[in-house]
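[1] Next input, structure requested:
(one chain, ligands or ions: 1)
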Amino acid sequence: MASPTGATRLAAVIGDPVRHSLSPLLHNTAFESLGLDWVYVALEVASGRAADALEAVRTLGIAGLSVTMPHKEAVADACDALSPDARRLRAVNCVVNEDGHLVGHNTDGAGFIAALEAELDFDPAGRRCVVLGAGGAARAIALALGRVGAAEVAVINRTMERATEAAALAGAVGRVVDADGVDAAIDGADLIVNATSVGMGPEGGVPFEVTLLRSGHTVVDIVYRPLVTPLLDAARSRGARSANGVSMLVHQAAIAFSLWTGVEAPVTAMTRAVGSMLVD
Ligand code: ATR
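    Coordinates of the predicted model:
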């Protein structure tokens, strides 16, 4: 990377924890690959300090900000304006500094849709989709699937109240699946997305009966540690098409990159860079 100068523009991610974040690698790779005089750093910001951090962004003239746990909701409250997605989700993962006017965006849903197309050539329009989970990522995905014309967005979640909220984001095609309906929903689905944290750890299991998986299914697990979760392992062995969360990670970052710089992101270089960091 060329040494920063007085003209170098600064972008950053705030979060806690944040030292494990792949965002600096993704964005610095993109800046370098396009020869942009920008640099991206990770800043640890404690819970409860998101509004202070945004004030610092204004004061310091930080041009672009990524936001991760636990600040996505607090940043949504503290921005000067929100994109339609960020407003619906009440969560921000990307802030654009327009001369001190901070605009909050949420690129997770669009990043997910872009990843589906890029990695699996899958268009959700007219397709039956199951979303497992109702956290921040699941909500963004349900909203995006509804918007791009999915025929159905069926949400399965341990806590029904959160499932109801996530399904509502998909609009008229959203519905909640209770425990009795899980097998039928999986069986009838074209796309199955795991957006719960189940499957991340070594103890992680698959939140439904894996014998239901078959070759007509497309299965996405949005985590990327490990690269092959128990769900993806089951999907592969039963002939389903599958993808992990690397492509969504790259595409949500690519959209943020374009919002900050006005330039199309070098997705291939970014994918290669994270690929070298993530090995099972
Ligand atoms: P994020 O914002 O990163 O998407 P989150 O808001 O913590 O994550 O949501 C995690 C999701 O995983 C939720 O859907 C959660 O279910 P609840 O809404 O019932 O809490 C789900 N989840 C986490 N651990 C789980 C487990 N052991 N079994 C089933 N679901 C689990």
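[2] where do the strands sit along the stretch 1-150 of the chain?
    Taking DSSP state E, counting those that start in this stretch as the criterion, the stretch 1-150 of the chain contains strands spanning 9-15, 38-44, 64-67, 81-82, 94-98, 101-105, 128-132.
[3] of those, which approaches residue 276 most closely?
    strand 38-44 (17.5 Å; CB to CB). For glycine as for every other residue, the C-beta is placed from the backbone atoms N, C-alpha and C.
[4] Check which helices and strands the closest one sits against.
    When contacts are defined as 3 or more CB pairs under 8 Å, 6 or more residues apart in numbering; DSSP states H and E, strand 38-44 packs onto strand 9-15, helix 23-34.
[5] mind giving me CSV with those and columns for distance to residue 51?
    What follows is the helices and strands packed on strand 38-44, written out as CSV (distance: least, CB to CB, whole Å):
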stretch, distance to residue 51
strand 9-15, 11
helix 23-34, 21
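[6] before we move on, back to that, among the strands of the stretch 1-150 of the chain, which is nearest the ligand?
    Minimum separation from the ligand across those (CB to the nearest ligand atom) falls at strand 128-132, 7.7 Å.
[7] what's the most buried one of the helices and strands packed on strand 38-44?
    Between the helices and strands packed on strand 38-44, strand 9-15 has the highest mean count of neighbours, a mean of 23, where neighbours are mean count of other CB atoms under 10 Å.
[8] The closest residue to the ligand within the stretch 51-200 of the chain: neighbouring residues, count only.
    Taking CB to the nearest ligand atom, the ligand has its nearest neighbour within the stretch 51-200 of the chain at residue 135, 2.1 Å off. Residues within reach of residue 135, counting by other CB atoms under 10 Å, total 14.
[9] which residues does it contact?
    Residue 135 is in contact with 162, 195, 196, 197, counting by CB atoms under 8 Å, 6 or more residues apart in numbering.
[10] confidence score at it?
    pLDDT for residue 135: 96.
[11] if we can go back for a sec, now, which of the contacts of residue 135 sits nearest residue 42?
    Checking the contacts of residue 135 one by one against residue 42 (CB to CB), the nearest turns out to be residue 197, at 21.6 Å.
[12] wait, doesn't that closest one sit right on residue 223?
    Yes - contact status for residue 197 versus residue 223: in contact at 7.5 Å, counting by CB atoms under 8 Å.
[13] is residue 241 in a bridge, and if so with what?
    Residue 241 forms beta bridges with residue 218, as assigned by DSSP bridges.
[14] Pretty sure residue 140 sits against residue 113.
    No - between residue 140 and residue 113 no contact is recorded; they are 10.1 Å apart, counting by CB under 8 Å.
[15] Among these two, which residue is more densely surrounded?
    Using other CB under 10 Å, the more surrounded residue of residue 140 and residue 113 is residue 140, with 30 against 20.
[16] how close does residue 212 get to residue 189?
    9 Å (CB to CB, to the nearest Å).
[17] In a strand, residue 155, correct?
    Yes - with the criterion set as DSSP: H, G, I helix; E, B strand; the rest coil, the secondary structure at residue 155 is a strand.
[18] burial measure for it, as a count.
    Residue 155 has 30 nearby residues by other CB under 10 Å.
[19] if we can go back for a sec, pick out whichever of residue 212 and residue 189 has more residues nearby.
    Ranked by neighbour count (other CB under 10 Å), residue 212 and residue 189 place residue 189 first, with 22 against 19.
[20] Tell me the predicted confidence for the more buried one.
    Listed pLDDT for residue 189 reads 98.
[21] now residue 204
    The score at residue 204 is 64. That number is its pLDDT.
[22] repeat for residue 260
    Confidence per residue is given as pLDDT, and for residue 260 that number is 98.
[23] and if you look at residue 173?
    What the model reports for residue 173 is a pLDDT of 98.
[24] Can you give me the neighbour number for it?
    Going by other CB under 10 Å, the residues that sit close to residue 173 add up to 17.
[25] So it is in contact with residue 154, correct?
    No - counting by CB under 8 Å, residue 173 sits too far from residue 154 to count as a contact (9.1 Å).
[26] what residue ranges in the stretch 1-150 of the chain score low on pLDDT?
    Within the stretch 1-150 of the chain, the stretches falling below the threshold (pLDDT under 70) are 1.
[27] who in it is up against the ligand?
    Counting by CB under 6 Å from any ligand atom, the positions of the stretch 1-150 of the chain adjacent to the ligand are 133, 134, 135, 136, 137, 138.
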